[in-house]
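**Q** Give the three-dimensional model of this entry:
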Amino acid sequence: MERLYHYLWKTGIRGTEFKDVDGASIEVLDPGIHNHDSGPDFFNSKLKINGVEWIGNVEIHQKASDWFRHRHDKDPAYGNVILHVVGVSDKRVIRSDGYPIPQVELTFPEKFFHTYLSLSEEKEGMKCSQYLSNLPELNKTDWLESLAVERMQAKAAKVKELNDLTEGDWEQTCFVMLARGLGFGLNSDPFEMLAKSIPLKILHHHSDNHFQLEALLFGQAAMLDPTMYMFDEYFQALCREYYFLARKYGLKPLRPGLWKYARTRPQNFPHRRIAFLANSALGGFSLFSRLLEAADNMDSLVDIFDMKAEGYWETHFSFDTPTGRAPSELSLSSRRLLTINTAIPVLYAYASASGNPDLGERIVALMQSLPAESNTIVRNWENLGFKVCDASRSQAIIHLQKEYCDKNKCIYCRFGHYFLRKSALIN
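**A** Okay, here's the model as predicted:
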């Protein structure tokens with residue numbers, strides 16, 4: 001319950017001018033810094049008490065008597081509290097110097113309380129769906145534009161972290177990002193682990209040999225176990241080649257069991273994605289330089305990911321079991337997803353790292369020229385009346401769902417804050 005009062009104080013949605021229980025005027029100039037550790041709830045708050053400016057700490061309780069129940073009267077850390085904010089003023093608090101601490105009773109309408117409860121409860125789904133029809137279009141647009149930038153920056157931060165680990169090697173960074181993108185969500189983490197498990201320079205040594213590239217990557221993916229009951233000649237040949245190369249370079253494969261296949265169509269099995277990754281290193285991996293060359297044209301960026309399955313993978317979805325002729329190319333929608341999740345974040349991160357704001361602005365504009373993604377999250381929000389017209393907006397919607405709705409952070413979302421502010425202003 002105290003969390004509710006913290007929210008009211010921090011946001012000021014019940015106003016900034018109060019009377020304390022003794023009739024003194026309290027004006028909030030700055031609510032202070034929210035403290036999530038031990039000690040008073042807000043540090044360095046700035047107030048005017050009866051016209052005199054004070055700077056100090058603010059403590060908040062549901063009941064004033066909680067001050068003593070929590071033994072703050074024995075704790076010197078609370079000696080600089082200049083205001084006690086409470087839901088119920090059932091007791092007066094006296095400082096150790098005998099001076100009563102000003103005390104404000106913070107009230108709110110019943111509608112606000114019910115809105116807050118509905119938005120703060122721990123449950124799955126969009127808890128604000130019942131209110132969204134009353135949300136002004138301007139509020140939707142403003143928040144979604146901010147979320148698109150927030151998601152872009154979060155992805156760029158991931159790229160920067162990878163680039164720091166590679167000591168500024170942008171091609172190695174791109175290799176990891178491409179691998180993660182080829183995981184398409186379900187297998188993104190194991191693909192990232194795979195790409196990190198082998199230095200790109202090793203692949204460069206074998207960039208003229210497609211067979212060896214596949215042996216290295218399938219072996220590192222823990223998919224080449226010669227003891228398996230499998231008489232596929234290509235599989236057995238890869239096993240022998242990987243055994244030789246792993247000993248030569250001191251490679252250790254990932255632990256088995258990382259790859260996921262549930263609800264995955266055969267053409268999307270990780271085997272084929274690894275085959276695409278091997279193809280990207282054929283002739284030397286140069287994705288980063290190609291991205292820079294294509295950075296001014298969205299179609300050119302999308303075309304970079306026009307990958308094809310060749311040889312063995314034209315008739316196989318996995319090892320051993322041949323199938324009819326399999327789709328040999330990544331679909332257009334998959335290429336666009338790789339553009340969104342690999343090309344755009346890498347280029348945006350590079351623009352920031354190289355101090356090139358013009359490139360950053362071009363990348364943001366390119367996102368707005370790409371069609372919106374089509375997935376369950378986007379469709380659910382479209383059904384609630386949200387227009388998702390381009391990739392920038394679909395990325396914003398995905399970020400909203402994953403970082404706010406799914407994490408029960410509704411009171412930190414601008415939509416939730418709007419509904420709470422409206423209900424708090426009702427008397």
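**Q** low pLDDT regions in this protein?
**A** Within the chain, the segments meeting pLDDT under 70 span 123, 326, 426-427.
**Q** In it, where's the longest strand?
**A** strand 52-63 (DSSP state E).
**Q** Name the residues of that strand that come out as buried.
**A** Of the residues in strand 52-63, 56-61 count as buried by neighbour count, 16 or more other CB atoms under 10 Å. C-beta coordinates here come from the backbone N, C-alpha and C atoms, glycine included.
**Q** Max pairwise distance over the residues you listed: which two?
**A** G56 and H61 (16.7 Å; CB to CB).
**Q** Give me the secondary structure label for G23.
**A** With DSSP: H, G, I helix; E, B strand; the rest coil as the basis, G23 sits in coil.
**Q** show me the contacts for D232.
**A** By CB atoms under 8 Å, 6 or more residues apart in numbering, the residues touching D232 are 319-320.
**Q** Any figure for the gap between it and L277?
**A** 20 Å (CB to CB, to the nearest Å).
**Q** the longest helix in this protein is where?
**A** Taking DSSP state H as the criterion, the chain has its longest helix at helix 137-165.
**Q** From the chain's centroid, how far away is that one?
**A** When C-alpha coordinates are averaged (CA atoms, centre = their mean, to the nearest Å), helix 137-165 and its chain have centres 8 Å apart.
**Q** Can you show me the strands along the stretch 201-350 of the chain?
**A** Using DSSP state E, counting those that start in this stretch, the stretch 201-350 of the chain contains no strands.
**Q** could you pull out the helices for it?
**A** Taking DSSP state H, counting those that start in this stretch as the criterion, the stretch 201-350 of the chain carries its helices at 210-220, 233-249, 270-280, 287-293, 298-304, 332-338, 344-353.
**Q** Which among those helices is found nearest to Y78?
**A** Closest to Y78 of the helices of the stretch 201-350 of the chain is helix 344-353 (CB to CB; 42.9 Å).
**Q** what does the next helix or strand after the closest one rub up against?
**A** From helix 344-353 onward toward the C-terminus, using DSSP states H and E, the following helix or strand is helix 357-368. Defining contact as CB under 8 Å, 6+ apart, one finds that helix 357-368 is touched by 148-149, 152, 295-296, 298, 301, 340, 344, 347-348, 350-352, 390-392, 395.
**Q** Which positions in stretch 186-198 come out as buried?
**A** Neighbour-count burial for stretch 186-198 [16+ other CB under 10 Å]: 186-187, 190-198.
**Q** Which member of the buried residues of strand 52-63 is positioned nearest G324?
**A** Distance to G324 across those (CB to CB) is lowest for I60, with 67.4 Å.
**Q** my guess is the closest one contacts V86, does it?
**A** Yes - at 7.3 Å, I60 counts as touching V86 under the criterion of CB atoms under 8 Å.
**Q** Now do the buried residues in stretch 216-228.
**A** Residues 216-224 are the ones in stretch 216-228 that count as buried (16+ other CB under 10 Å).
**Q** Adding distance to H6, write the residues you listed out as JSON lines.
**A** Below are these laid out as JSON lines (distance: CB to CB, whole Å):
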{"residue": "L216", "distance to H6": "54"}
{"residue": "L217", "distance to H6": "51"}
{"residue": "F218", "distance to H6": "53"}
{"residue": "G219", "distance to H6": "53"}
{"residue": "Q220", "distance to H6": "49"}
{"residue": "A221", "distance to H6": "48"}
{"residue": "A222", "distance to H6": "48"}
{"residue": "M223", "distance to H6": "51"}
{"residue": "L224", "distance to H6": "55"}
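**Q** hang on, the earlier thing: quick one, the longest helix of the chain and helix 357-368 angle?
**A** 120 degrees (axes from the mean of the first three to the mean of the last three CA atoms, to 10 degrees).
**Q** Show me what helix 137-165 is packed against.
**A** Other helices and strands packing on helix 137-165, by 3 or more CB pairs under 8 Å, 6 or more residues apart in numbering; DSSP states H and E, are helix 170-182, helix 344-353, helix 357-368, helix 391-400, helix 414-424.
**Q** again, 7 Å this time
**A** helix 170-182, helix 344-353, helix 391-400, helix 414-424 (3 or more CB pairs under 7 Å, 6 or more residues apart in numbering; DSSP states H and E).
**Q** what's the closest of these to V52?
**A** Per CB to CB, nearest to V52 of the helices and strands packed on helix 137-165: helix 414-424, 28.3 Å.
**Q** Buried ones among the contacts of helix 357-368?
**A** 148, 152, 295, 298, 301, 340, 344, 347-348, 350-352, 390-392, 395.
**Q** Quick one: neighbours of E137, just the number.
**A** 10 (other CB atoms under 10 Å).
**Q** sorry, back to before: could you list the buried residues of the longest helix of the chain?
**A** Across helix 137-165, burial judged by 16+ other CB under 10 Å covers 140, 143-144, 147-148, 150-152, 155-156, 158-160, 162-163.
**Q** Helix 391-400 and that helix, what's the angle between them?
**A** Orientation of helix 137-165 against helix 391-400 (the same axes, to 10 degrees) gives an angle of 80 degrees.
**Q** Now the residue lying farthest from the centre of the chain: phi and psi?
**A** No residue in the chain sits farther from the centre than G98, which is 49.9 Å out by CA atoms, centre = their mean. Torsion angles at G98 (phi, psi; degrees, to the nearest 10) stand at phi 90, psi 0.
**Q** mind checking how far it is from R92?
**A** 12 Å.
**Q** is it possible to export the buried residues of stretch 186-198 to a markdown table including distance to W381 and secondary structure?
**A** Putting the buried residues of stretch 186-198 into a markdown table (distance: CB to CB, whole Å; DSSP: H, G, I helix; E, B strand; the rest coil) gives the following:
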| residue | distance to W381 | secondary structure |
| --- | --- | --- |
| L186 | 21 | coil |
| N187 | 25 | coil |
| P190 | 29 | helix |
| F191 | 27 | helix |
| E192 | 28 | helix |
| M193 | 32 | helix |
| L194 | 33 | helix |
| A195 | 32 | helix |
| K196 | 34 | helix |
| S197 | 37 | coil |
| I198 | 39 | coil |
